[in-house]
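*Asks:* Got a predicted structure plus its sequence, pasted below:
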Amino acid sequence: MKSILVLQGPNLNLVGQREPSVYGRESLTDWMTAQLPRWAREGAEVHIIQSNHEGELIDALHAHGFKADGIVFNPGGFTHTSVALRDAVAAIDAPVIEVHLTNIYAREPFRQHSMISGVCAAVISGLGFAGYEAAVQYVLHH
């Protein structure tokens, strides 16, 4: 069974409520919970962590990054600002797939640069929840 960490950064706990015209009305937590049984049937043990605190995200990367088969990571707003998260991703063994619900390259200029992408195995941006699904499938099959 493959071990996958799905790590989500600040404000992603508000998806479904926050800016529904941008992020939609479905809760990310509800969507993830609905997917867990299916992912388990496909051979994945999935740990889901969401935090609004940079240090907690770093701690999760350290805790899972040397034993997980892969990490699906949506750093939220820290995508554009956090050298510390970049360094944590670069330090671990597990491949990290950076995921964004929206296409960050079609949004405001300050959102178009990712501090994290350069140390990730792949980036999926703009596919909504399907981006998380694609990242999990990648980890399962590689």
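*Replies:* Okay, I see it.

*Asks:* Do a quick rundown of the helices in this structure.
*Replies:* Here the chain has its helices, by DSSP state H, at 20-23, 28-41, 54-64, 83-91, 129-141.

*Asks:* Would you reformat those helices as a markdown table and include mean neighbour count and distance to Val119?
*Replies:* For glycine as for every other residue, the C-beta is placed from the backbone atoms N, C-alpha and C. Shown next, in a markdown table, are those (neighbours: other Cβ atoms under 10 Å; distance: least, Cβ to Cβ, whole Å):
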| stretch | mean neighbour count | distance to Val119 |
| --- | --- | --- |
| helix 20-23 | 11 | 25 |
| helix 28-41 | 14 | 24 |
| helix 54-64 | 18 | 11 |
| helix 83-91 | 17 | 4 |
| helix 129-141 | 18 | 16 |
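
*Asks:* So, low pLDDT: which residues of the protein?
*Replies:* Applying pLDDT under 70 to the chain picks out residues 22-23.

*Asks:* Who are the contact partners of His142?
*Replies:* By Cβ atoms under 8 Å, 6 or more residues apart in numbering, the contact set of His142 is 70, 95.
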